[in-house]
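Visitor: whatever this is, show me its structure:
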Amino acid sequence: MADLFQTPPDTPPGTAPRPLADRLRPRRIAEVIGQDQVLGPEAPLGVMLASGSLTSLVFWGPPGVGKTTIARLLADETDLHFVQISAIFTGVPDLRKVFEEAKHRRANGQGTLLFVDEIHRFNKAQQDGFLPHMEDGTILLVGATTENPSFELHAALLSRAQVLVLERLALSDLERLAQRAEADIGRALPLDGPAREALLEMADGDGRALLNLIEQVAAWKTETKLDKAALASRLMKRAAKYDKGGDEHYNLISALHKSVRGSDPDAALYWFARMLTGGEDPRYLARRIIRMAVEDIGLADPQAQTVCLHAWETYERLGSPEGELALAQAVTYLALAPKSNAGYVAYKAAMREAKKTGSEPPPKHILNAPTKLMAEQGYGAGYAYDHDAEDGFSGQNYFPETMKRPVLYQPVERGFERELKKRLDYFSKLRARRS
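Guide: Numbers count the residues shown, from 1 in each chain. Okay, here's the model as predicted:
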């Protein structure tokens with residue numbers, strides 16, 4: 001039976017044993033688990049390697065999915081010298097040294113693949129510093145980032161590199177990785193089926209995290225297989241990946257908003273709970289919930305806005321964790337409420353009309369005439385007082401005289417807006433009759 005912490009035969013005496021994640025690092029592209037959308041025969045990197053033409057790249061994806069490993073293997077596959085730096089620890093003097101060494105290598109007939117981890121942490125000027133060396137072939141740049149390159153990387157750099165998205169590992173990928181780890185260790189993990197599945201889920205799509213967990217489990221001295229409860233008591237569940245200021249924040253609030261818009265209360269509650277467990281401020285969620293009521297429900301259910309405001313007020317009075325229940329109930333209410341963005345669309349259309357017509361004045365008949373001069377100029381002349389009309393509707397024009405009357409608000413046949421549409425149609429008929 002192999003020792004858990006194996007040491008290669010050529011390792012110098014006294015050297016610490018290599019971690020499992022390091023021992024299992026793939027030695028060829030074909031050994032990489034997952035990422036078929038990037039590495040497959042018809043995928044971008046598969047095509048590049050087959051044609052022998054590699055371009056500068058930016059790997060965008062969560063931690064532990066193989067960004068560093070793939071970059072290193074690309075250098076091996078293309079006979080480029082591999083240099084790895086991190087934007088966190090590298091300054092301008094370090095970059096100059098890297099570029100000078102790459103130039104020297106190039107003069108001697110060898111190219112350089114420069115792998116920059118956390119490349120989004122470089123500022124605009126530092127990112128621009130890569131450009132001339134990319135353009136003259138001194139380096140082939142492979143950047144890695146967990147943040148959205150569209151927001152974090154300079155446009156000039158993005159125009160010279162292809163962005164490839166690496167995805168979190170699926171449970172099937174993690175299972176393959178676990179089997180590879182067991183082969184290296186020389187024995188199966190002491191877990192029953194449900195416990196094994198729970199271990200894979202704890203890794204949350206992160207291969208490196210899974211290998212670290214496996215290393216802990218394999219070290220336990222036990223004669224029987226552990227069940228899920230025993231595993232949970234021995235291992236702390238890995239915290240879900242959530243950055244309140246990064247991509248996960250925006251991805252999850254987008255998922256919550258669209259689930260509400262799609263009238264799916266179960267999905268909406270799930271994403272709401274995901275954000276809370278990730279540490280999101282409930283007040284931020286309260287504000288976004290009100291926005292959903294205004295933007296996606298509107299006058300189809302005028303009560304929705306009030307429900308959200310009351311939920312926020314309840315949270316402020318109760319605090320956590322009980323107050324979150326009021327917000328959850330508001331989320332459920334919104335998901336099941338009739339939907340209409342007619343008010344939202346009308347508002348945007350009104351803003352466009354306002355910008356287009358500039359400073360056109362209101363028609364004189366609806367202007368007040370507090371002075372004699374204004375009355376002489378026709379202010380208020382011909383104004384019809386609506387309450388004097390038989391049905392309380394004069395049908396007068398209230399738009400600028402030079403402006404063609406637009407149609408801005410078009411209620412839908414859902415919820416309370418069905419009644420509003422009846423009223424709108426009624427007034428439209430009266431206006432047409434009296435004009």
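Visitor: count the residues that sit near Met351.
Guide: Met351 has 11 neighbours, counted by other Cβ atoms under 10 Å. The C-beta positions use only the backbone N, C-alpha and C, and glycine is treated the same way.
Visitor: my reading is that it is in a helix; is that accurate?
Guide: Yes. Per DSSP: H, G, I helix; E, B strand; the rest coil, Met351 lies within a helix segment.
Visitor: wait, doesn't Ala311 sit right on Met292?
Guide: No. Between Ala311 and Met292 there is no contact under Cβ atoms under 8 Å: 11.9 Å.
Visitor: residue nearest the centroid of this protein?
Guide: In the chain, the centroid-proximal residue (Cα atoms, centre = their mean) is Asn251; its distance is 2.9 Å.
Visitor: that one: which element?
Guide: Using DSSP states H and E, Asn251 sits within helix 247-261.
Visitor: just Glu360 next, same as before
Guide: In the assignment (DSSP H and E), Glu360 maps to no helix and no strand.
Visitor: and the residue of the chain positioned farthest from its centre, what's its pLDDT?
Guide: Distance to the chain centre peaks in the chain at Lys372, reaching 62.0 Å (criterion: Cα atoms, centre = their mean). pLDDT, Lys372: 88.
Visitor: do Gly14 as well
Guide: Predicted confidence (pLDDT) at Gly14: the value is 55.
Visitor: okay, now the domains of the protein?
Guide: Domain segmentation of the chain under automatic domain parsing yields 35-165, 247-336, 361-434.
Visitor: give me the mean pLDDT for the first one.
Guide: In other words, domain 35-165. Domain 35-165 carries an average pLDDT of 93.
Visitor: so how far is that domain from its chain's centroid?
Guide: Per Cα atoms, centre = their mean, to the nearest Å, the displacement of domain 35-165 from the mean C-alpha position of its chain is 23 Å.
Visitor: kindly check the end-to-end length of that domain for me.
Guide: This stretch, domain 35-165, spans 9 Å end to end (Cα to Cα, to the nearest Å).
Visitor: same thing with stretch 231-250?
Guide: 33 Å.
Visitor: then stretch 23-42?
Guide: One end of stretch 23-42 sits 29 Å from the other (Cα to Cα).
Visitor: next one: stretch 161-168
Guide: Note: stretch 161-168 ends 22 Å apart using Cα to Cα.
Visitor: show me what counts as buried in it.
Guide: Under the neighbour-count criterion of 16 or more other Cβ atoms under 10 Å, stretch 161-168 has 161, 163-164, 166, 168 buried.
Visitor: can you list the residue ranges for helices in the stretch 151-300 of the chain?
Guide: Along the stretch 151-300 of the chain, the stretches classed as helices by DSSP state H, counting those that start in this stretch are 155-158, 171-185, 193-202, 207-218, 228-234, 247-261, 265-277, 282-292.
Visitor: closest one to Gly34 among the ones you listed?
Guide: helix 171-185 (4.1 Å; Cβ to Cβ).
Visitor: helix 207-218 and the closest one, what's the angle between them?
Guide: Here the directions of helix 171-185 and helix 207-218 differ by 50 degrees (axes from the mean of the first three to the mean of the last three Cα atoms, to 10 degrees).
Visitor: quick one: buried residues of stretch 201-218?
Guide: Going by 16+ other Cβ under 10 Å, stretch 201-218 has these buried residues: 202-215, 217-218.
Visitor: hmm, I was thinking of stretch 21-31
Guide: 21, 23-25, 29.
Visitor: so which of those is the closest to Ser233?
Guide: Ala21 (24.5 Å).
Visitor: can you tell me how far the closest one is from Asp184?
Guide: According to Cβ to Cβ, to the nearest Å, Ala21 stands 11 Å off from Asp184.
Visitor: next: Glu100.
Guide: Distance of Glu100 to Asp184, computed by Cβ to Cβ: 40 Å.
Visitor: which secondary structure elements does the lengthiest helix in the chain sit against?
Guide: Across the chain, the helix with the greatest residue count (assigned by DSSP state H) is helix 417-434. Applying 3 or more Cβ pairs under 8 Å, 6 or more residues apart in numbering; DSSP states H and E, we find helix 417-434 packed against no helix or strand.
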